[in-house]
Each structure stands twice: as structure tokens, then as C-alpha cells.
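K.L.:
curious how this folds, go ahead:
(2 chains)
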2 protein chains.
Amino acid sequence: MLEVEIKAKVEIEPIEKRLGELGAKFINRTHQKDVYFRHPCHDFKKTDEALRVRKVKDEYFLTYKGVKLDPETKTRKEIQIRVEKGIFNLLKNLGFSPVREVEKWRSFYRWKDLKIYLDEVKGLGNFLELEGTSWEDKEKMFGILQKLGIEKRKLTRKSYLELLESQAEK
Amino acid sequence: MLEVEIKAKVEIEPIEKRLGELGAKFINRTHQKDVYFRHPCHDFKKTDEALRVRKVKDEYFLTYKGVKLDPETKTRKEIQIRVEKGIFNLLKNLGFSPVREVEKWRSFYRWKDLKIYLDEVKGLGNFLELEGTSWEDKEKMFGILQKLGIEKRKLTRKSYLELLESQAEK
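P.N.:
Okay, the predicted model is just below:
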């Protein structure tokens, strides 16, 4: 599946207010703990790919993210499947090793067929993410961004993993 | 988890009869389709490991099998988790490629805490597998084997994958 995504650092409260005015529907707020893995024989950091296990309550998801496909957005191929806790042990035995954890509280909203996330990321701050599944969604997403009063220059194409890594390197 | 396993080529009907006499409980009969994968950077055939996706009805399972630990049996570490159909695409993107399929009808029996399988394997013939989860089970398994009238020399430590591969090499 294609994941078309834009992301910006924001203040939570004014954005929450504007999402309400826009008519976005609040779905839920969950705690998510992600572990990113290193491939045993090629460097995901160089290839711009990622492999992640996400824990949400007692559920586990395995996600592969492909290379970014667009200079403006975080658009990339994404394959996600539901797995079980044993995935950690299984990946270890295949030679994958954990590189970093990303922990956040995520508030999930829907607006038409788009997903809107307000993320409070441990060690990084607060972010807005807009997510669609086709190139046609890109225009709608930039429309919402404008309605929320977020300037294009505030966008980042970096993942939370990359942001945490560049912070650690400083 | 440890998988203690012994396996022998058998005739289905006399074994079914003896399992009944022994008081083994018939659980179910399912069609299983397994796909084995090649690791992108080390040769599972050389390391005696295996990675498999099993399809049973509409369910998918991902299984890692470690090196064999015992000269008499097929005992090895096994990690199995429930996954979804997308696992094929995900593994492909991580560089794993399919090597061979194993297709069988499996009749599943229980006797005390042991699992007993009668397998009709496409292209290979019929096999009995006895499965336990601890070294203590090994003795019980050899006990059943004797009760079923199967001689020790009939046992094989080879997996269906290995049996199919050595058949293909002939």
C-alpha cells in the first residue's frame, strides 16, 4: 500500500481546537511503543527503508516502510500486518537487531477519507501527521494544512526515528 | 519453544487403526500449504535453520526453526506466530525469497500431552510425526512408536523440505 504522509511540529491545543471547527471526527487516543530494527545484511539507514514492530495495548504490528518517493511528502510504500509478541524473538533469530524505540501518545481523528494524528512523542515534542493512501489525497492534505494555519515550511520529511537519531548525534 | 519431534514413513490405515486402539483422540484434518524462504544473507540449508509461512484455511503462520539439537530426533528450537497474508509481500521486501512449497493433508491426534500427526505429503507419501515440547517427552514418544509397531530404523531426521529437496536432486 502507498502511504502518503505529511508531518509538522505543532502545538497540541490550538490544532485540537481547529480540528473540531473543521469537523474532523475524534476516534481514539492510544499509547504506541515502536521498536525499529536493523537488517542483518543491508543498512536501512542508507537505503531509506525501515522495519518496525508497534505495540498498541496488547496488539503487535509488523511494518515495512520503503524508500520515500516524493520530495514534498513522506510518501512511501508501507506493508503492515498484525503479528504476535513472539515476533521479537523471531526477528532476533533471523539476525535483525533493535536500533531504537519511539514512544508516543497518539490522538486519532478522521476527516473524510484522510487520517489525522496528533502525536506527543517522548523526547521530541508534538507533531501533526496527515495520512492518505493515494497521490490524489496529497492535494486534500495540503488543503487541510492551510485550514489548520500550518505553513508549508514547517513540514518535515523525517520520520520520528530519524528525528530521534539526528537529535542523538548532536 | 523446544520442538521435540520424531518422524517415520508409514502406511496410513494400519496406523489409524492402532491410534484408535491406543486411545489417541482425533482432533481434526486440515490442508496445509507451506512456503519455505531463503534468507537474504545466510544459507539456511547450510545452517540447518528454516523460515516458513504456513497457510491453514484462511490463517497464516510464520515459523522459524533453529538447528537440530539431538542425533536421534528432529528436536530444535521453534518460534511460531500468527500473521496475515501480507507476510509474503513483507518478506519479499526484506529480501527473503521462496525456495519450495510443501503441501499436505494432516490428521491431528492427541495422546496425553503429545501431538500425533498423520501426514499425506504431496510428492512424498505418508508420514507419522510425534511432537512434544520437552526432553522428557522423548521417552514417551519412543514408547508410542513401539506400541504402533514402528521400528526405530524407520525414523528420519529430515524435514519434508529436505526430503523434497534431496528427491529433486536425484
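K.L.:
use CA for all of it now, contacts and neighbours both
P.N.:
Will do.
K.L.:
please name the residues that touch the residue of chain A found nearest chain B.
P.N.:
Across chain A, the shortest distance to chain B (Cα to the nearest Cα) belongs to A:Val83, at 4.8 Å. Contacts of A:Val83 were listed using Cα atoms under 8 Å, 6 or more residues apart in numbering or on different chains, and they are A:Glu59, A:Tyr60, A:Phe61, A:Leu62, B:Ile81, B:Arg82, B:Val83, B:Glu84.
K.L.:
also A:Arg54?
P.N.:
A:Gln32, A:Lys33, A:Asp34, A:Val35, A:Tyr60, A:Phe61, A:Leu62, A:Thr63.
K.L.:
and it, backbone torsions?
P.N.:
Phi and psi for A:Arg54, reported as degrees, to the nearest 10, are phi -110, psi 130.
K.L.:
which helix or strand contains the residue nearest to it when sequence neighbours are not counted?
P.N.:
Nearest residue to A:Arg54, sequence neighbours excluded (Cα to Cα, 6 or more residues apart in numbering or on different chains): A:Asp34, at 4.3 Å. Assessed by DSSP states H and E, A:Asp34 sits inside strand A:25-38.
K.L.:
buried residues in that strand?
P.N.:
For strand A:25-38, a neighbour-count test (16 or more other Cα atoms under 10 Å in any protein chain shown) marks A:Phe26, A:Gln32, A:Lys33, A:Asp34, A:Val35, A:Tyr36, A:Phe37, A:Arg38 as buried.
K.L.:
same check on stretch A:60-70?
P.N.:
The neighbour-count check on stretch A:60-70 (16+ other Cα under 10 Å) flags A:Tyr60, A:Phe61, A:Leu62, A:Thr63, A:Tyr64, A:Lys65, A:Gly66, A:Val67, A:Lys68 as buried.
K.L.:
just stretch A:45-55 next, same as before
P.N.:
Quick answer for stretch A:45-55 (16+ other Cα under 10 Å): A:Glu49, A:Ala50, A:Leu51, A:Arg52, A:Val53, A:Arg54, A:Lys55.
K.L.:
follow-up on the earlier one: now render the contacts of A:Arg54 as JSON lines, adding distance to A:Asp113.
P.N.:
Shown next, in JSON lines, are the contacts of A:Arg54 (distance: Cα to Cα, whole Å):
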{"residue": "A:Gln32", "distance to A:Asp113": "22"}
{"residue": "A:Lys33", "distance to A:Asp113": "25"}
{"residue": "A:Asp34", "distance to A:Asp113": "25"}
{"residue": "A:Val35", "distance to A:Asp113": "28"}
{"residue": "A:Tyr60", "distance to A:Asp113": "24"}
{"residue": "A:Phe61", "distance to A:Asp113": "22"}
{"residue": "A:Leu62", "distance to A:Asp113": "23"}
{"residue": "A:Thr63", "distance to A:Asp113": "21"}
